[in-house]
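Novice: make a model of this:
(2 chains)
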2 protein chains.
Amino acid sequence: MCQLLGMNANTPTDVMFSFTGLATRADEHKDGFGIGFFEDKGVRLFVDWRSARQSPVAELVKTWPIRSHHVIAHIRKATQGRVALENTHPFVRELWGRYWVFAHNGNLVDFHPRLHGAFRPVGDTDSERAFCWLMQELAKSHACVPPVDELTRTLAELMPQLHRHGTFNMLLSNGQALWAHNSTKLHWLVRQHPFGEARLRDDEVSVNFSEHTTPADRVAIIATEPLTDHEPWTAFAPGELRVFVDGMPR
Amino acid sequence: MCQLLGMNANTPTDVMFSFTGLATRADEHKDGFGIGFFEDKGVRLFVDWRSARQSPVAELVKTWPIRSHHVIAHIRKATQGRVALENTHPFVRELWGRYWVFAHNGNLVDFHPRLHGAFRPVGDTDSERAFCWLMQELAKSHACVPPVDELTRTLAELMPQLHRHGTFNMLLSNGQALWAHNSTKLHWLVRQHPFGEARLRDDEVSVNFSEHTTPADRVAIIATEPLTDHEPWTAFAPGELRVFVDGMPR
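Specialist: Below you'll find the predicted structure:
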């Protein structure tokens, strides 16, 4: 099983603290890592088949404050598909003139959907197959990019069809919103004014967010396991889909 | 106008020396840079709207030997489209279960092709429009990924349709071959045994390739302007399309 990290903020925010927390778990999840940052409609995607403990790319991400509204990160423990760049999450595709970034934690059994051609997997993971199928079904459902709430309703219809094949915890963003679906394990948290101090659960690192924020800032963090102590993480319910916009669940 | 750099090799080869040469030209081409590396079917894409002189990502690429068979790099001087991540080359799309990486140097005037939907631009450059149109037309011409020579024939039919709208120097790769088309300025070079020393034209850097290679290694470099002195660079003819496989033009 892998670990997911998502961030959705109302102002461009860096994710160095949370990514550092995620990367401490890379000893167990050593089969690659990836992180995608939206900057407006553009995407920066960093992937490596090396562990986030050893990758020079991970070092860059930990030390360079890349500010973004929507971030999706993943550290991999391979279940299906060899350790290779093309099997490393997040995956990116374009639909309706927008990039879509997707990462999955789980294992879909006997999942071989009919893919008609517009979206085909490059690697051989169940995750990329699921993403291609999602993109295909979204493309069938809407002619162009619909409002966020409409997309959420379509995704809510599609999620159970993936979930019934196995574990399907996922993060998805198109640069307008971030969707999170839980089947077994996913937590979320909103940080907002008054900001306090947080300490990483797996590391000696702490940060006082009040020194780095304005009272208007708001950021939602979504993670497989809570990353910090003494913060009010909420567990997703099984089968729950949530959409985050401007640093808040909607 | 921008500057292009391509590499095609018969063994995984790093491109630090040539990329350093390209980056010295980033004072004039300061509106972003990007570089895409194939590792088998996977792609590492690094893009930044900062100049390759200032970007921490460019620093990583100059100092970390990423070995690849196919590399496409670009430094941008904006003609159409604002300076933004979504307008930064190279662009990537998936077709037939393979990633395609594309970069363009030139300017297409009044180029607004009919795009039927499977490939739509995210940004607002003529270059990304041209790439989407190319992908669309390739998808129409073949049902799945055809042999390299067949793809070359299809591309040879498509290039003049872009070329007649303006300057269209481009690099394209799908991880099996690298295609280069020239309309105004493009040069190529093959380095092979016996390897010698090369010195960057715009910098004090030189390298003795014989210290870093085996006699079986072969690498083709394609660049807008020759990057080195005392090496036999060949200019492309206007309208010429060349495909490079295993470090050789074919």
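
Novice: from here on, contacts and neighbour counts on C-alpha atoms
Specialist: Will do.

Novice: ok but residue A:180 is inside a strand, no?
Specialist: Yes: inclusion of residue A:180 in a strand is indicated when DSSP: H, G, I helix; E, B strand; the rest coil is applied.

Novice: so what's the residue nearest the centre of chain A bridging to?
Specialist: The C-alpha lying nearest the average C-alpha coordinate of chain A belongs to residue A:72 (CA atoms, centre = their mean; 3.3 Å). Listed beta-bridge partners, residue A:72: residue A:6, residue A:36 (assigned using DSSP bridges).

Novice: thought residue A:126 was touching residue A:167, still the case?
Specialist: No: contact between residue A:167 and residue A:126 fails when scored by CA atoms under 8 Å: they sit 10.9 Å apart.

Novice: where along chain A do the helices fall?
Specialist: Applying DSSP state H to chain A gives helices spanning A:16-23, A:56-63, A:126-141, A:148-163.

Novice: buried stuff in the third one?
Specialist: Translated: helix A:126-141. Within helix A:126-141, the residues scored as buried using 16 or more other CA atoms under 10 Å in any protein chain shown are A:126-136, A:138-139.

Novice: same list (these) but as JSON lines, adding distance to residue A:105.
Specialist: Supplementary listing: the buried residues of helix A:126-141 in JSON lines, determined by distance: CA to CA, whole Å:
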{"residue": "A:126", "distance to residue A:105": "10"}
{"residue": "A:127", "distance to residue A:105": "8"}
{"residue": "A:128", "distance to residue A:105": "11"}
{"residue": "A:129", "distance to residue A:105": "13"}
{"residue": "A:130", "distance to residue A:105": "11"}
{"residue": "A:131", "distance to residue A:105": "12"}
{"residue": "A:132", "distance to residue A:105": "16"}
{"residue": "A:133", "distance to residue A:105": "16"}
{"residue": "A:134", "distance to residue A:105": "15"}
{"residue": "A:135", "distance to residue A:105": "18"}
{"residue": "A:136", "distance to residue A:105": "20"}
{"residue": "A:138", "distance to residue A:105": "21"}
{"residue": "A:139", "distance to residue A:105": "23"}
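
Novice: which of these lies closest to residue B:212?
Specialist: Nearest to residue B:212 among the buried residues of helix A:126-141: residue A:128, at 37.1 Å, using CA to CA.

Novice: okay, now the unreliable bits of chain A?
Specialist: Across chain A, not a single residue meets the criterion (pLDDT under 70).

Novice: flag every residue of it that's near chain B.
Specialist: In this structure, chain A approaches chain B at residues A:39-48, A:56-57, A:60, A:64, A:84-87, A:93-99, A:117-123, judged by CA under 8 Å from any CA of the partner chain.

Novice: circling back to that earlier point, would you agree the residue nearest to the centre of chain A is in contact with residue A:100?
Specialist: No: applying CA under 8 Å, one finds residue A:72 not in contact with residue A:100, separated by 10.7 Å.

Novice: just to revisit the earlier point, name the residues contacting each of residue A:167 and residue A:126.
Specialist: Contact with both residue A:167 and residue A:126 is made by residues A:107, A:108, according to CA atoms under 8 Å, 6 or more residues apart in numbering or on different chains.

Novice: could you tell me the phi and psi values at residue A:225?
Specialist: Geometry field for residue A:225 lists phi and psi as phi -120, psi 150, criterion degrees, to the nearest 10.

Novice: wait, doesn't it sit right on residue A:185?
Specialist: Yes: taking contacts as CA under 8 Å, residue A:225 lies within contact range of residue A:185: 7.3 Å.

Novice: so for those two, which residue has more residues nearby?
Specialist: Under the criterion of other CA atoms under 10 Å in any protein chain shown, the comparison of residue A:225 against residue A:185 puts residue A:185 first, with 20 against 17.

Novice: I'd say the more buried one and residue A:236 touch.
Specialist: Yes: counting by CA under 8 Å, residue A:185 does reach residue A:236; the two are 7.1 Å apart.

Novice: go ahead and confirm residue A:38 touches residue A:69.
Specialist: Yes: with contact defined as CA under 8 Å, residue A:38 counts as touching residue A:69 (6.6 Å).

Novice: common neighbours of those two, please.
Specialist: With contacts defined as CA under 8 Å, 6+ apart, the residues adjacent to both residue A:38 and residue A:69 are residue A:175.

Novice: residues near residue A:211, how many?
Specialist: Using other CA under 10 Å, the number of residues around residue A:211 comes to 10.

Novice: ends of stretch A:26-34, how far apart?
Specialist: The first and last residues of stretch A:26-34 sit 12 Å apart, counting by CA to CA, to the nearest Å.

Novice: may I see the buried residues of it?
Specialist: Within stretch A:26-34, the residues that count as buried by 16+ other CA under 10 Å are A:26, A:29, A:30, A:31, A:32, A:33, A:34.

Novice: now do the contacts for the second one.
Specialist: Okay, so that is residue A:29. If a contact means CA under 8 Å, 6+ apart, then residue A:29 has A:1, A:2, A:3, A:51, A:75, A:76, A:77 as its contacts.

Novice: compare those and tell me which has the most neighbours.
Specialist: Neighbours were tallied for each of the contacts of residue A:29 (criterion: other CA under 10 Å), and the maximum of 35 neighbours falls on residue A:75.

Novice: wait, that one touches residue A:27, no?
Specialist: No: when contacts are counted by CA under 8 Å, residue A:75 is not listed as touching residue A:27 (9.9 Å).

Novice: including distance to residue A:176, could the buried residues of stretch A:26-34 go into a markdown table?
Specialist: Putting the buried residues of stretch A:26-34 into a markdown table (distance: CA to CA, whole Å) gives the following:
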| residue | distance to residue A:176 |
| --- | --- |
| A:26 | 29 |
| A:29 | 29 |
| A:30 | 31 |
| A:31 | 30 |
| A:32 | 27 |
| A:33 | 24 |
| A:34 | 20 |
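
Novice: for chain B, state which of these is nearest.
Specialist: Nearest to chain B among the buried residues of stretch A:26-34, counting by CA to the nearest CA, is residue A:34 at 10.5 Å.
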